[in-house]
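Student: the following block contains a protein sequence and its predicted model.
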Amino acid sequence: MIFQPLLNWSQRTSVVTQIVIGLALGIALAIIWPEAALRVEFLGTLFISALKAVAPILVFVLVISAISNQRPGQTTHLRPILWLYGVGTLTAAMVGVFASMMFPSTLVLKDAATGMAAPGGIAEVLMQLLKNAVDNPVNALMHANYIGILVWAVAIGIALRRGTEGTRQTMADLSNGITLIIQAVIRIAPIGIFGLVASTVASTGAKALIGYGHLLAVLLGSMLFVAFVINPLIVWWKIRRNPYPLVLMCLRESGVTAFFTRSSAANIPVNLAIAKRLNLDEDTYSVAIPLGATINMAGAAITISVLSLAAAHTLGIVVDIPTAILLCVVASVCACGASGVAGGSLLLIPLACSLFGVSNDVAMQVVAIGFIIGVLQDSAETALNSSTDVIFTAAVCMAEERRNG
C-alpha cells in the first residue's frame with residue numbers, strides 16, 4: 001500500500017524536482033554512511049546502461065521516420081543549426097585560450113602516462129570519422145557509433161520516401177513506440193542520479209582535486225562563462241529576445257542530467273524529450289540533436305585549449321597571438337572529432353600540444369592529469385556539450401517560427 005502514494009507523488013512531481021531530491025539524498029548518504037553509498041552505485045550504472053542501450057536504436061528509428069515521412073516541399077533548418085554548432089565550438093575554444101592567457105596554469109609533470117593510444121594528427125581524426133561514417137550498420141548500432149548510425153538512417157530514410165504510405169506509417173508508429181520506452185527510462189532518472197552521486201562523493205570526495213584547483217578553476221570558469229554569457233548572446237542574436245529562460249531551462253533539465261551521466265550519447269533521449277515538449281519541428285530536432293551529440297563540442301574545445309596551454313606554460317613556452325589563434329582552430333576541429341576517438345577530448349590534447357613542439361611523453365602526462373580531474377572536468381564538459389545541442393536547436397526553430405509569423 002505504501003507504494004501507491006509514492007507512485008502518485010512521482011506522477012504529480014516533475015522529473016527535474018525528483019532529480020534534485022535524488023541529488024540531495026545521494027550527497028547526504030555519502031556523508032552520513034559512505035559504505036552504503038558505495039553499494040548503491042549499481043543504481044547509477046543500471047540507469048546509464050539503460051540510456052546507452054536505447055539511445056542508438058532511438059536515433060536510428062527517429063531519423064528514418066523523420067526523413068521518410070517528410071512531406072514534399074517541407075523544409076528543415078539543419079544548415080543554420082550546423083552554423084551555430086560551429087560558431088559555438090570555435091567561440092568556446094577562444095574563451096579557453098583567453099582564460100589560459102589571463103590566468104596561466106602550471107602543472108607538476110612526473111610519471112608519463114602509458115598504455116594510451118592518442119591520434120597522430122588531425123588527418124587521422126578526420127580519417128577515423130570517415131571510417132565511422134561507412135561502418136556496418138549492425139556494428140554501428142552495437143557499438144553506438146553515431147556517425148555511422150546517422151549516415152545509414154539518413155540513407156534509409158531517403159530511400160523509404162519512395163515507399164508506400166503504409167511503410168512510412170509503420171516507421172512513424174515504431175518511432176512513437178521507442179519514444180514511450182525512452183519516457184519510461186527517463187522516469188527512473190532520479191534513482192539513477194541518486195546512485196551516481198552517492199557513490200561518486202563517497203569514493204572520490206575532493207582529495208584528488210585539491211592539487212589541481214587552479215587548473216580546474218580555469219576550466220570550469222571558462223565553461224560557466226560559455227554557458228551563461230556566450231551561449232545566451234548567440235541565442236539572443238538568433239531569436240532577438242531574452243535568451244535566459246530557454247538557456248536556463250535547458251541547463252537545468254539537460255545539463256544536470258548530462259553532468260552526472262557524463263555521456264552526451266546517453267543524454268540524447270533527454271534532449272529529444274525536451275525538444276518535443278518545446279513543440280519544436282520534429283523533422284529538424286530528430287536529426288540535429290543526435291548530430292550535435294557527435295560534433296557540437298564546446299566543452300571539449302575548452303578542455304583541449306586550456307590543458308594544452310597549461311603544458312606550454314609549464315615548459316616556459318611563449319605563445320604568441322598567431323599561434324593562439326591557430327590553437328583555437330585546431331581545438332575546434334579536434335573537439336568535433338572527439339566522439340570518434342577513444343578517450344574523447346583528453347586524448348586529443350597531444351594534437352594541440354604539437355603546435356608548441358611539446359613532446360608526446362609530456363603531452364600524455366597532461367592527459368593523465370586530465371583523467372585525475374575528470375571527476376568534475378568531464379562532467380562539466382558533458383553538461384555544456386549536451387545542453388548546447390538543444391539550446392541551439394531550439395533557438396533556430398524559434399527563429400524560423402518568428403520569421404514565418
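Tutor: Alright, I've got the coordinates.

Student: and for whichever helix or strand A24 is part of, what's in contact with it?
Tutor: Element membership for A24 (DSSP states H and E) is helix 15-32. Here helix 15-32 makes contact (C-beta atoms under 8 Å, 6 or more residues apart in numbering) with 10, 36-37, 40, 186-187, 189-202, 252-253, 256-257, 260. In this view, the C-beta of every residue, glycine as well, is placed from N, C-alpha and C.

Student: helices - which of the residues you listed land there?
Tutor: Applying DSSP state H to the contacts of helix 15-32, the entries found in helices are 10, 36-37, 186-187, 189-202, 256-257, 260.

Student: from the contacts of helix 15-32, list the buried ones, please.
Tutor: 37, 40, 186, 189-202, 253, 256-257, 260 (16 or more other C-beta atoms under 10 Å).

Student: all helices of the stretch 101-250 of the chain, in order?
Tutor: Applying DSSP state H, counting those that start in this stretch to the stretch 101-250 of the chain gives helices spanning 122-133, 137-142, 146-160, 165-187, 189-203, 207-210, 213-225, 231-239, 244-250.

Student: kindly apply the preceding question to the stretch 251-400 of the chain instead.
Tutor: Listed from the start of the chain, the stretch 251-400 of the chain has helices (DSSP H, counting those that start in this stretch) covering 256-261, 268-277, 282-295, 298-314, 321-336, 349-353, 360-372, 374-403.

Student: contact partners for the closest residue to V40 other than its chain neighbours?
Tutor: Spatial nearest neighbour of V40, chain neighbours left out: G195 (4.6 Å); criterion: C-beta to C-beta, 6 or more residues apart in numbering. By C-beta under 8 Å, 6+ apart, the contact set of G195 is G26, V40, E41, F42, L43, G44, T45, L46, F47.

Student: ok, 6 Å please
Tutor: Counting by C-beta atoms under 6 Å, 6 or more residues apart in numbering, G195 touches V40, E41, L43, G44.

Student: grab the nearest non-local neighbour of T303.
Tutor: S345 (4.7 Å).

Student: hang on, that neighbour packs against A301?
Tutor: No: taking C-beta atoms under 6 Å as the definition, S345 is not a contact partner of A301, at 8.1 Å.

Student: please say which of those two ends up with more neighbours.
Tutor: Of the pair S345 and A301, A301 is the one with more neighbours under other C-beta atoms under 10 Å, namely 37 against 28.

Student: need the contact list for the more buried one.
Tutor: If you count contacts by C-beta under 6 Å, 6+ apart, then A301 has T89, A92, A93, A331, S332, A335 around it.

Student: just the buried residues of these.
Tutor: Using 16+ other C-beta under 10 Å, the buried members of these are T89, A92, A93, A331, S332, A335.

Student: of those, closest to D281?
Tutor: Nearest to D281, judged by C-beta to C-beta, of those is T89 at 23.1 Å.

Student: tell me the pLDDT at that closest one?
Tutor: Listed pLDDT for T89 reads 91.

Student: can you tell me how far it sits from N404?
Tutor: 28 Å (C-beta to C-beta, to the nearest Å).

Student: what's the answer for A99, then?
Tutor: To N404, A99 is 39 Å away according to C-beta to C-beta.

Student: neighbour count winner among the two?
Tutor: Neighbours per residue (other C-beta under 10 Å) separate A99 from N404, with A99 holding more: 22 against 6.

Student: okay, and the more buried one sits in which element?
Tutor: Since the elements are taken from DSSP H and E, A99 ends up inside helix 78-102.

Student: and that helix, what does it pack against?
Tutor: The contact analysis (3 or more C-beta pairs under 6 Å, 6 or more residues apart in numbering; DSSP states H and E) places helix 78-102 against helix 213-225, helix 298-314, helix 321-336, helix 374-403.

Student: can you rerun that using 10 Å?
Tutor: If contacts are counted by 3 or more C-beta pairs under 10 Å, 6 or more residues apart in numbering; DSSP states H and E, helix 78-102 sits against helix 213-225, helix 231-239, helix 282-295, helix 298-314, helix 321-336, helix 374-403.

Student: and that helix, which residues are buried?
Tutor: Buried, per 16+ other C-beta under 10 Å, within helix 78-102: 80-82, 84-85, 87-97, 99-100.

Student: my guess is L78 meets L291, correct?
Tutor: Yes: in this structure, L78 is within contact of L291 by C-beta atoms under 10 Å, at 7.8 Å.

Student: and for those two, which residues touch both?
Tutor: T393 (C-beta atoms under 10 Å, 6 or more residues apart in numbering).

Student: now the terminal residues of stretch 64-80, how far apart.
Tutor: One end of stretch 64-80 sits 21 Å from the other (C-alpha to C-alpha, to the nearest Å).

Student: and the contacts of A301 as TSV, adding distance to I32?
Tutor: Converted to TSV, the contacts of A301 look like this (distance: C-beta to C-beta, whole Å):
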residue	distance to I32
T89	42
A92	38
A93	42
A331	42
S332	44
A335	40
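
Student: now do the contacts for the residue nearest to T303.
Tutor: Contacts of S345 by C-beta under 10 Å, 6+ apart are 297, 299-304, 307, 331, 334-335, 337-339, 367, 370, 377-378, 381-382, 385.

Student: make it 7 Å
Tutor: The contact partners of S345, by C-beta atoms under 7 Å, 6 or more residues apart in numbering, come to A300, T303, I304, A335, A338, E381.

Student: can you pick the most crowded of these?
Tutor: T303 leads those on contacts (other C-beta under 10 Å) with 35 neighbours.

Student: pLDDT score for C397?
Tutor: Model confidence at C397 (pLDDT) stands at 90.

Student: any idea how far it lies from I391?
Tutor: With C-beta to C-beta as the criterion, C397 and I391 are 11 Å apart.

Student: chain center to stretch 299-315: distance?
Tutor: 19 Å (C-alpha atoms, centre = their mean, to the nearest Å).

Student: er, stretch 168-177 I mean
Tutor: Computed by C-alpha atoms, centre = their mean, the chain-centroid distance of stretch 168-177 equals 27 Å.

Student: for that stretch, buried residues please.
Tutor: Quick answer for stretch 168-177 (16+ other C-beta under 10 Å): R168, M171, A172, S175.

Student: for stretch 225-239, same thing?
Tutor: F225, V226, A227, I230, N231, P232, I234, V235, W236, K238, I239.
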